[in-house]
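[1] Mind looking at a prediction? Sequence and model below.
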Amino acid sequence: MLKIALFPIGQVNAEALQSVQRGLKRVFSQTEVMVLQTVMPIPREAYNLSRQQYHSTRILTEMSNCVGKFEAQHVLGVTEADLYVSSLNFVFGEARCPGEFALVSLCRLKPEFYRKPPNNQLFFERALKEAVHEIGHTLGLGHCPNPFCIMFFSNSINDTDRKRAEFCEECRPKVLKVLGSRN
């Protein structure tokens, strides 16, 4: 059975964590998804003052220093911090592919970030999509060219909104093969 631990990084919206937990259980049937009570502070050294963002790779590295503290095969860090990697303006998340650790940011998934009215349903849907996408990477999946597949690279929030919260007919067998090999 696949075990996923949701690991809050800094102060995180509890409702969003619960929504992602429920959604991951739906998408990955036969999966145990737990929300960890431990909260990791956002590493100060990950902050880039000139960008006013946090370097996601540094946070992933800090998460990996917690190896052995989790009873899960995959740990998904969830943060409200705005993330980036050196080659991009921002990222919705990052993962080790394949690997144990992934990270998603809720910051740019909120409609309010785009000066839109709050919409929890849309926010939770986006959070689930990015969570499934990053867990897909931990399972070894790369980006998919199908713009409706959850593994399509989101270069903007419009890409995230267009995708479905499920794997396409090309990616689903890959996920099932990886999950089947773990049973």
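    Received the coordinates, thanks.
[2] In this protein, what residue spans correspond to helices?
    Along the chain, counting by DSSP state H, helices occupy 14-27, 56-64, 120-138, 157-162, 172-181.
[3] can you list those helices in a markdown table and add mean pLDDT and distance to residue 2?
    Bear in mind the C-beta positions are built from the backbone N, C-alpha and C, glycine included. What follows is the helices of the chain, written out as a markdown table (pLDDT from 0 to 100; distance: least, Cβ to Cβ, whole Å):
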| stretch | mean pLDDT | distance to residue 2 |
| --- | --- | --- |
| helix 14-27 | 96 | 9 |
| helix 56-64 | 94 | 18 |
| helix 120-138 | 98 | 9 |
| helix 157-162 | 98 | 23 |
| helix 172-181 | 90 | 6 |
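[4] Go through those helices and pick out the most buried.
    Across the helices of the chain, the average number of neighbours (mean count of other Cβ atoms under 10 Å) peaks for helix 120-138, which reaches a mean of 22.
[5] quick one: buried residues of the longest strand that the chain contains?
    The strand of greatest length in the chain, counted in residues with DSSP state E as the criterion, is given as strand 2-9. Applying a neighbour-count criterion of 16 or more other Cβ atoms under 10 Å, the buried positions in strand 2-9 are 2, 4-9.
[6] And stretch 36-51, by the same measure?
    The neighbour-count check on stretch 36-51 (16+ other Cβ under 10 Å) flags 36, 40, 42-43, 46 as buried.
[7] which residues are contacting it?
    Contacting residues not belonging to stretch 36-51 are listed as 5-12, 53-56, 58-59, 62-63, 66, 69-70, 77, 79, 81, 84 [Cβ atoms under 8 Å, 6 or more residues apart in numbering].
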